[in-house]
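Engineer: need coordinates for the following:
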Amino acid sequence: MIIGGIYPILDDLWLEQSGYPALHREGTDLQRDVAPAREIAAACGRLKIPVVQLRSKTDPARQERFMRGWCALFWQQAPDISIILNDRPDLVPVLGADGVHVGQGDTDVAACRRMIGDGGAIGLSTHFSHEIREAITCRADYIGFGPIFATATKPDTEAVRGIDRLKQVCSEPHPPLVAIGGITLERLPRVIRAGADAAAMIGALFPKQAPHRLDEAVALWRESEADV
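Structural biologist: Coordinates of the predicted model:
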């Protein structure tokens, strides 16, 4: 799996608050009822975004419906994209997803590997150098590092790490690194210059004009990366 560029996270509650179709509802017609969501999936395919994460901090049944609906849309609109499920390794083989992302204190990497098999990717959230070293030891395929800036999309986060800390971490041994936390279009070039392999974006991508924001983010990444 390729980790690089823009790493969209589709968060169930954030999308609902932003007015997107509720894919978690039973009976949702993916052909008729979810045009704005289908536009997101199509934009990811058109822009060749390599990986997307599906995140739902709700009850297990709603999580599964949300993830199942989005998987179906991406298979229709962006068949080459890799789909990562947040904190649901058990659903990876059930839904045919490509991997799982877990946080500190969630299902450990070894247990995830047993559930998803050798071919799936495992991402691990990190906040400190010792957690990055542990991620290397346990053979996580990639890490999330942050929060780089304050974020409104996930209230239970560690303290802000900042750009200087991101630069330091990127200069040390690490698996492929996805910077996360409060990354806007304006802040994205600083994240790229710090050395991150990818940038996770949620709130900055998914107001109502999501496909347009995706275009801007990808163009900005490519432009800024060429200048590094």
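
Engineer: what residue ranges in the chain score low on pLDDT?
Structural biologist: Within the chain, the segments meeting pLDDT under 70 span 21-22, 24-33, 154-157, 208-211, 228.

Engineer: now do the strands in it.
Structural biologist: Using DSSP state E, the strands of the chain run over 5-11, 51-55, 82-86, 99-102, 121-126, 142-145, 177-179, 198-201.

Engineer: now the angle from the fifth one to strand 51-55?
Structural biologist: Looking back up the chat, that one is strand 121-126. Relative orientation of strand 121-126 and strand 51-55, computed by axes from the mean of the first three to the mean of the last three Cα atoms, to 10 degrees: 60 degrees.

Engineer: just to revisit the earlier point, quick one: closest of the strands of the chain to Val109.
Structural biologist: Of all the strands of the chain, strand 121-126 sits nearest to Val109, with 5.5 Å by Cβ to Cβ. To be clear about C-beta, it is placed using only N, CA and C from the backbone, and glycine gets the same treatment.

Engineer: contacting residues around that closest one?
Structural biologist: Applying Cβ atoms under 8 Å, 6 or more residues apart in numbering, the contact partners of strand 121-126 are 1, 53, 82, 84, 98-104, 109, 112-113, 116, 131-132, 135, 138, 140-146, 178, 180.

Engineer: between the strands of the chain, which gets nearest to Glu223?
Structural biologist: If you check each of the strands of the chain against Glu223 by Cβ to Cβ, strand 5-11 wins as the nearest, at 11.9 Å.

Engineer: chain center to the closest one, what's the gap?
Structural biologist: Distance, stretch centre to chain centre, for strand 5-11: 4 Å (Cα atoms, centre = their mean, to the nearest Å).

Engineer: what does that strand rub up against?
Structural biologist: With Cβ under 8 Å, 6+ apart, strand 5-11 has contacts from 40, 44, 47, 49-57, 70, 86, 153-154, 178, 180, 198-202, 205-206, 214, 217-218, 221-222.

Engineer: now the buried members of those.
Structural biologist: The neighbour-count test (16 or more other Cβ atoms under 10 Å) marks 40, 44, 47, 49-56, 70, 86, 153-154, 178, 180, 198-202, 205-206, 214, 217-218, 221 as buried among the contacts of strand 5-11.

Engineer: Glu46 and Thr153, how far apart?
Structural biologist: No, residue 46 isn't Glu; it's Arg. 24 Å (Cβ to Cβ, to the nearest Å).

Engineer: just Arg38 next, same as before
Structural biologist: With distances taken as Cβ to Cβ, Arg38 is found 22 Å from Thr153.

Engineer: cool, and Leu73?
Structural biologist: Following Cβ to Cβ, the distance that separates Leu73 from Thr153 is 21 Å.

Engineer: ok, which stretches of the chain are helices?
Structural biologist: Remark: helices assigned in the chain by DSSP state H are 12-17, 35-46, 60-77, 91-95, 109-116, 129-137, 162-170, 188-194, 210-227.

Engineer: would you mind finding the most buried of the ones you listed?
Structural biologist: Most buried of these, by mean neighbour count (mean count of other Cβ atoms under 10 Å): helix 188-194, with a mean of 20.

Engineer: which strands and helices lie in contact with that helix?
Structural biologist: For helix 188-194, the contact count by 3 or more Cβ pairs under 8 Å, 6 or more residues apart in numbering; DSSP states H and E identifies helix 162-170, strand 198-201, helix 210-227 as packing neighbours.

Engineer: now the second one, how far from the chain's geometric center?
Structural biologist: Relative to the centre of its chain, strand 198-201 is centred 7 Å away, using Cα atoms, centre = their mean.
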